[in-house]
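**Student:** fold the stuff below for me.
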Amino acid sequence: MFGFAASSKESFYTEPQVYYRSDRQGRTWWDIRNPVTGHITRVATEEEARIRIEKSAF
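**Tutor:** Okay, here's the model as predicted:
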């Protein structure tokens, strides 16, 4: 699973924020928040989340 640790206030605003979510029906997904634009990308798997983050320049 992804971890998020900001070493400084500056890195908090430059690193993507990743959230593992679920709903009442048991469906799960990953939200990736772009720190610059605030845009959230939703993906179904952890692997897809990793790929999106690796391919993006945050």
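**Student:** biggest helix in this protein by residues?
**Tutor:** What stands out as the longest helix in the chain, according to DSSP state H, is helix 46-55.
**Student:** can you name every helix or strand that that helix contacts?
**Tutor:** Under the contact definition 3 or more Cβ pairs under 8 Å, 6 or more residues apart in numbering; DSSP states H and E, helix 46-55 sits against strand 17-22, strand 28-33, strand 40-43. All C-beta spots, glycine's among them, are computed from the backbone N, C-alpha and C.
**Student:** need the winner for burial among the ones you listed.
**Tutor:** strand 28-33 (a mean of 16; mean count of other Cβ atoms under 10 Å).
**Student:** take the helices and strands packed on helix 46-55 and write them to JSON lines, including mean pLDDT.
**Tutor:** Conversion of the helices and strands packed on helix 46-55 to JSON lines gives the following (pLDDT from 0 to 100):
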{"stretch": "strand 17-22", "mean pLDDT": "98"}
{"stretch": "strand 28-33", "mean pLDDT": "98"}
{"stretch": "strand 40-43", "mean pLDDT": "98"}
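**Student:** dump those to CSV, plus distance to residue 53.
**Tutor:** Shown next, in CSV, are the helices and strands packed on helix 46-55 (distance: least, Cβ to Cβ, whole Å):
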stretch, distance to residue 53
strand 17-22, 7
strand 28-33, 6
strand 40-43, 9
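**Student:** quick check: the residue lying farthest from the centre of the chain vs residue 32, distance?
**Tutor:** Ranking residues of the chain by C-alpha distance from their mean position (Cα atoms, centre = their mean) puts residue 25 at the top, at 21.8 Å. Distance, residue 25 to residue 32, by Cβ to Cβ, to the nearest Å: 22 Å.
**Student:** with residue 55 instead?
**Tutor:** 11 Å.
**Student:** any buried residues in the longest helix of the chain, and which?
**Tutor:** Of all the residues in helix 46-55, those buried under the rule 16 or more other Cβ atoms under 10 Å are 49, 53.
**Student:** okay, angle between that helix and strand 17-22 too, please.
**Tutor:** 160 degrees (axes from the mean of the first three to the mean of the last three Cα atoms, to 10 degrees).
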